[in-house]
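Asks: Requesting a structural model of the entry that follows:
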Amino acid sequence: METIIFIGCNKTGTSVEALTIAKEMGYLIVLFTDRKTSCLPSIDRQIYLKNLFEEEFIFNEIKILKDEGHQIRACISFIDPFVSYAASISNRLGSTNISVNSLSLMENKILVRNKLKEHQSSPFYTTIHENSSLEEFHKNNTPSFPFILKSPNSNGSKDVIFVDGFEKFNNAIHHLQKKNINPILLEEYISGPQYLIEMIVQNNKVFIIAVIEQEVVYDGTFIVEGYLYPAQLETEEYDNLVESVNGIVKQLGLTNGSCHIEMKNTLGGWKLVEINPRMSGGNMNKIIEEGTGINLIKEIIKMHLGKKLSIIPTKHEFVYARYLTIKSSGNLLKIHGKDEALKHTGVKMVDIKVSEGDLLTIPYSMGNRYGCVIALGKSKEEAKANTMKAVKEIRFYLEPL
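Replies: As a prediction, this is how the structure comes out:
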């Protein structure tokens, strides 16, 4: 019984898709989860564990699986903070040869900045420690506003704060310290269009699967609401991006693994916003598959299994994805317009992630995006227009708090 173990799973998005895709590939699926939820249809065995970092428990369960005849082919995670942890278990089982140290490094944004300090993509950054007073920091540093304060373990835009003055700076520091975030990462604010680069590295070779332009809405936090594939770049811009990405991957020592990078195209060249040791969440697999024909999740699983990748695009489509947020908080009474949205030209997906009775809030992180519409077009303008026509059909009716 060829089996793949997964560590952790969200309610929706990439991590759930991965279970289904691995099942379709013919593997038995075992999920270790800290969520007390019913099994998904694609799972053959679900094992609850309050603390997923209890290695002894996991290896005991793996022994039971082996005694039952399971042949463990890989241990994988598509969610933070279990990516490098799952890869480490997989390597120890002798199943894989994933770059655990590199993936672990990527899980801490300060370590990444330190490792890439001399790389041309690196912006100015520094760290603020709990035992450093604000007065001392002001005395030894002259911050050039605006800049960003963030948790070194931030993901999905959580605990990322835009700062453009001393009062906001002091408030942000106190807010993050109250959440026991220490140290705090301070980064130069980078202006310019932002791009997402999805990639797989196998046997030291970097495969850039997709470059996607992001539409970031700033309203106190940084929420990506729009994704356009393919990104519209001049040949020189793209070549410089590839060179920068390859340099980053090499410096981080990633030889086998997958990741996504966010970068900004500035007057001073490409600058690194952040790198994460997994593919993007949400509906990223659908965006890429509609644009290229490549099922990125499937190829990542194949990389973990040491199999040959199938990453030559079979189609070239313009794709625009728009995520849905709300402007006030409340309990969801009903949703209207999904069926109408699906009837619009070019629409490939209308994905609503919430149900009646759920508490919805204005966006504080990517987790507060409550749906997604994806449509195609013959140009980037047409793809976006098709998507936005469909988006206008959808209404969230809320009971105010």
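Asks: Domains in the chain, by residue range?
Replies: 2-96, 124-188, 194-400 (automatic domain parsing).
Asks: Quick one: the strands in the stretch 251-400 of the chain, in order.
Replies: 257-266, 269-276, 318-324, 330-336, 347-352, 359-360, 371-377, 395-400 (DSSP state E, counting those that start in this stretch).
Asks: Extract the residue ranges of the stretch 101-250 of the chain that are flagged as low pLDDT.
Replies: 131-143, 156-157, 219-220 (pLDDT under 70).
Asks: do that again at 90, thanks
Replies: Where the stretch 101-250 of the chain drops to pLDDT under 90, the residues are 126-148, 150-182, 189, 216-223.
Asks: now the strands of the stretch 251-400 of the chain in CSV, with distance to residue 31?
Replies: Backbone N, C-alpha and C define where each C-beta goes, glycine included. Shown next, in CSV, are these (distance: least, Cβ to Cβ, whole Å):
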stretch, distance to residue 31
strand 257-266, 19
strand 269-276, 21
strand 318-324, 26
strand 330-336, 28
strand 347-352, 22
strand 359-360, 27
strand 371-377, 24
strand 395-400, 31
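Asks: just so I know, which of these lies nearest residue 384?
Replies: strand 318-324 (4.4 Å; Cβ to Cβ).
Asks: what mean pLDDT would you report for that closest one?
Replies: Mean per-residue pLDDT for strand 318-324: 97.
Asks: okay, it in CSV with CA atoms only?
Replies: Extracted in CSV, the C-alpha atoms of strand 318-324 (Å, rounded to 0.1, in the frame of the first residue of the first chain):
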residue,chain,number,x,y,z
PHE,A,318,-4.9,35.1,-19.7
VAL,A,319,-6.3,34.6,-16.2
TYR,A,320,-7.5,37.0,-13.7
ALA,A,321,-8.5,36.1,-10.1
ARG,A,322,-10.3,38.4,-7.8
TYR,A,323,-10.7,37.7,-4.1
LEU,A,324,-13.8,38.9,-2.2
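Asks: For that strand, which outside residues touch it?
Replies: 223-230, 282-283, 286-287, 290-291, 352, 369-380, 382-384, 386-388, 391, 394, 396 (Cβ atoms under 8 Å, 6 or more residues apart in numbering).
Asks: ok, the spatially most central residue of the chain - contacts?
Replies: The centroid of the chain falls nearest to residue 280 when counting by Cα atoms, centre = their mean (3.1 Å). Taking Cβ under 8 Å, 6+ apart as the criterion, residue 280 is in contact with 14, 196, 198, 260.
Asks: picking up where we left off before, okay, the strands of the stretch 251-400 of the chain in CSV with mean neighbour count and distance to residue 190 next?
Replies: CSV is the format used below for the strands of the stretch 251-400 of the chain (neighbours: other Cβ atoms under 10 Å; distance: least, Cβ to Cβ, whole Å):
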stretch, mean neighbour count, distance to residue 190
strand 257-266, 22, 5
strand 269-276, 20, 5
strand 318-324, 24, 22
strand 330-336, 14, 35
strand 347-352, 19, 30
strand 359-360, 15, 31
strand 371-377, 24, 26
strand 395-400, 13, 33
